[in-house]
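Undergrad: Sequence and predicted structure are below.
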Amino acid sequence: MLTINTTLNGLLIMRSFQNRQERLDNLIGLLENNNLWTAKALADSLDVSVRSISRDITLLRQQGYDIDAERGAGGGIELRGMARPPKFFLSDEEILNTLMALALTDSLNCPILGDNISSVKNKLTFFLNDEQRKRINLLRKRVLVGAVASEPVANTVTNTHYHFLNNVSQAFIQQQKLSIRYVSEKEVETKRTIEPQFILLNWPAWYLLGWDYLRAAPRLFRIDRITDATIENGRFRLRSSRSLLSEYGDYFNSM
């Protein structure tokens, strides 16, 4: 039987695919209160990396904000007076998070939404532009949902080291290589470099199905057994789903 702890653990893993909107709002607030910022000053104010600020500036421009960013001496980041707030915008992470929540609800036969789940999914993707819809549809095919895990598996799901889950999310969405420390069922820890090709869910257990460079073969990694994860330089291409899912595909459905 599923315990309260394992249920909460699964919910927290699902919520790790969270949006950046709160930080974006804080970033806009800083830009509105100061004429010119350096990326370093913004990063220090929001307690994030300069790289994160660069990504957030790109997102804000996609939302319609007119932001000027010049590099070098005398340069800086400035919100121009003609900025226009977005009418409707969701990042890829926000959409994926929502779709995963709906898929999870569906897999657990939750009576609250019932037959409305498919309708909600369709309406959510309706608002996307063609480019984002294409990206999201590809991501949906890479997130597979199966039945509830067996009692022996469910009872072994443990608390996850949540500090690195944003790295897992980013690596999966942006197809970036991931370096992980992984503890096997026999409690042996190894360091692996993987391509996170698929995410699989057997509630409350979440898995990464990735290409493992150490084994030169696809391997399944239970997320709660990962103790650390860092993003590596270099992106990867999606591999043949037929070969990757040959052992697991019959047990899962895409979102």
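TA: The structure has been received and is ready for your questions.
Undergrad: in what helix or strand does residue 93 lie?
TA: helix 92-107 (DSSP states H and E).
Undergrad: quick one: the strands in the stretch 1-150 of the chain?
TA: Secondary structure of the stretch 1-150 of the chain, counting by DSSP state E, counting those that start in this stretch: strands at 67-69, 77-79, 143-146.
Undergrad: Pull the residues that contact the first one.
TA: Right, strand 67-69. For strand 67-69, contacts defined as CB atoms under 8 Å, 6 or more residues apart in numbering pick out 31, 39, 57, 60-61, 75-80, 83. From N, CA and C alone the C-beta is placed, and that goes for glycine too.
Undergrad: sorry, back to before: and of the strands of the stretch 1-150 of the chain, who's closest to residue 105?
TA: Counting by CB to CB, residue 105 lies closest to strand 143-146 out of the strands of the stretch 1-150 of the chain; the figure is 10.3 Å.
Undergrad: List the neighbouring strands of the closest one plus their orientation.
TA: Applying DSSP bridges, strand 143-146 is found paired with strand 189-202 (parallel), strand 252-254 (antiparallel).
Undergrad: and the gap between residue 217 and residue 41?
TA: With distances taken as CB to CB, to the nearest Å, residue 217 is found 46 Å from residue 41.
Undergrad: what about the two, which has more around it?
TA: Comparing residue 217 with residue 41 by other CB atoms under 10 Å, the one with more neighbours is residue 41, at 16 against 10.
Undergrad: can you pull the contacts of the more buried one?
TA: With contacts taken as CB under 8 Å, 6+ apart, residue 41 has no neighbouring residues.
Undergrad: hmm, 10 Å instead?
TA: Counting by CB atoms under 10 Å, 6 or more residues apart in numbering, residue 41 makes contact with 30, 34, 50, 53, 76-77.
Undergrad: Just give the number of residues close to residue 197.
TA: Residues near residue 197, counting by other CB under 10 Å, number 21.
Undergrad: wait, doesn't it sit right on residue 241?
TA: Yes: Residue 197 lies in contact with residue 241 (CB atoms under 10 Å); the separation is 8.1 Å.
Undergrad: Mutual contacts of those two, please.
TA: Common neighbours of residue 197 and residue 241 (CB under 10 Å, 6+ apart) are 142, 209.
Undergrad: Let's test this: name the helix or strand in this protein with the lowest mean pLDDT.
TA: Within the chain, no helix or strand scores below helix 4-15, which has a mean of 43 by mean pLDDT, DSSP states H and E.
Undergrad: Run through the bridge partners of residue 67.
TA: In beta-bridge terms (that is, DSSP bridges), residue 67 pairs with residue 79.
Undergrad: What is the burial count for residue 141?
TA: Neighbour count of residue 141, defined by other CB under 10 Å: 13.
Undergrad: nope, residue 64 is what I meant
TA: Count around residue 64 with other CB under 10 Å applied: 12.
Undergrad: same question, residue 29
TA: Residues contacting residue 29 under the criterion other CB under 10 Å number 11.
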